[in-house]
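sequence and predicted model, in that order:
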Amino acid sequence: MTMGRNESVAHIVMLLCFGTAILSLAVHRSMIAGERQFEESASTRLRRDATMASSAASASTLSSMPAAKSAKVEKNVTREAQLAKNNRLVVDQAKKPKFFLAQIAQPKSVNSVAGKSQVVVDLSDRRTYVYAKDEVIASYPIAVGKKGWETPTGSFQVMHMQHYPAWRHPITGKVFAAGTDSPLGDRWIGFWSDGRNQIGFHGTPDVEVIGTAISHGCLRMRNPDVRMLYKQVGLGTTVIVRE
């Protein structure tokens, strides 16, 4: 009987030990899980605090910038913007020709006449011939350039046409207004230019000079003749000047 009681006590002690072991294991696992959660929470707080501290430091640096330095930066930005605006490409207008000033009317538009006619200037004969399909349809007496101001020879094209032009003297610089007494007469038909000066056909009130070498390179014509020539040519018409 005593032996049976001892076995019962031994079973009870064994069960108590086994239960204690299970309880200890559960407590140990709970402690490990708690420690991990605490570490993760602490790590998250540290990262957040570091980010906030960095942002605060940046804001403090910007706010502590001297007012004079900030104003200087703004001034430099404004100056750069102004320089960019001022450096826009600007195309200069061509200089006005020294011999000829177009005051009011615009150049005559290109028309079908340019492709149908051709003008030949014979300096030795002091005459201008207008051709249409290899046939002379008109001929006019002219005055040509004097010595030192010879009319240039070669093949050119009509580049400017003007009603009642004004004129600036190439030596004195005096400007003669358009009108009855204008040295350029009623019409201007320019066919040569060096970028500053122009040479062309024009009228003249001094009809007695026709047939002589007296001009500064231009070809002078009687006003009725230059009005007729004006109708027979257009921008782009070929002008051949020969000796």
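Yep, it's here.

which residue packs closest to residue 152, ignoring adjacent ones?
With CB to CB, 6 or more residues apart in numbering as the criterion, residue 152 has its nearest non-adjacent residue at 5.7 Å, and that residue is residue 192. From N, CA and C alone the C-beta is placed, and that goes for glycine too.

in this structure that neighbour contacts residue 198, no?
Yes: here residue 192 reaches residue 198: they are 6.7 Å apart, a contact under CB atoms under 8 Å.

before we move on, the earlier item: you'd agree the residue nearest to residue 152 is in a strand?
Yes: with DSSP: H, G, I helix; E, B strand; the rest coil as the criterion, residue 192 is located in a strand.

residues in contact with it?
Residues in contact with residue 192 (CB atoms under 8 Å, 6 or more residues apart in numbering) are 152, 156, 198-200.

go again with 6 Å.
If a contact means CB atoms under 6 Å, 6 or more residues apart in numbering, then residue 192 has 152, 156, 199 as its contacts.

now do residue 220
Going by CB under 6 Å, 6+ apart, residue 220 touches 143, 204.

tell me the pLDDT at it?
As predicted, residue 220 sits at a pLDDT of 98.

does it lie in a helix or a strand, and which?
In this structure, residue 220 sits in strand 219-222 according to DSSP states H and E.

okay, now the domains of this protein?
The chain breaks down into these domains under automatic domain parsing: 1-57, 100-242.

hey, least reliable of the ones you listed by pLDDT?
Of all the domains of the chain, domain 1-57 carries the lowest average pLDDT, namely a mean of 61.

neighbours around residue 115, how many?
Residues near residue 115, counting by other CB atoms under 10 Å, number 12.

next: residue 171.
Applying other CB under 10 Å, we find 8 residues neighbouring residue 171.

so it, which of the three states?
Residue 171 is classified as coil under three-state DSSP.

could you measure from it over to residue 142?
Using CB to CB, to the nearest Å, residue 171 is found at 22 Å from residue 142.

do residue 15 as well
Distance, residue 15 to residue 142, by CB to CB: 143 Å.

kindly report the same for residue 123.
Distance, residue 123 to residue 142, by CB to CB: 9 Å.

in this protein, which spans are helices?
Secondary structure of the chain by DSSP state H: the helices cover 2-63, 67-86, 113-116, 223-232.

quick one: contacts for residue 184?
Residues counted as contacts of residue 184 (CB under 6 Å, 6+ apart) are 165, 167, 202.

so can I have a markdown table of the residues you listed showing neighbour count?
Below are the contacts of residue 184 laid out as a markdown table (neighbours: other CB atoms under 10 Å):
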| residue | neighbour count |
| --- | --- |
| 165 | 29 |
| 167 | 22 |
| 202 | 26 |
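
tell me which of those fall in strands.
Using DSSP state E, 167, 202 are the members of the contacts of residue 184 that sit in strands.

looking at the contacts of residue 184, which is nearest residue 136?
Checking those against residue 136 with CB to CB, the nearest one is residue 202 at 21.9 Å.

right, and the closest one touches residue 186 too?
No: contact between residue 202 and residue 186 fails when scored by CB atoms under 6 Å: they sit 8.5 Å apart.

that older thread, please say which of residue 123 and residue 142 ends up with more neighbours.
Shown here are residue 123 and residue 142; by other CB under 10 Å, residue 142 has more neighbours (26 against 17).

quick check: the residue nearest to residue 152 vs residue 150, distance?
Distance of residue 192 to residue 150, computed by CB to CB: 12 Å.

over to residue 120?
For residue 120, the distance to residue 150 (CB to CB) stands at 17 Å.

what of residue 175?
Separation of residue 175 from residue 150 (CB to CB) stands at 25 Å.

of the two, which one has the most company?
More crowded of residue 175 and residue 150, by other CB under 10 Å: residue 150, with 15 against 11.

excluding chain neighbours, what is closest to that one?
Nearest one to residue 150, counting by CB to CB, 6+ apart, is residue 217 at 6.8 Å.
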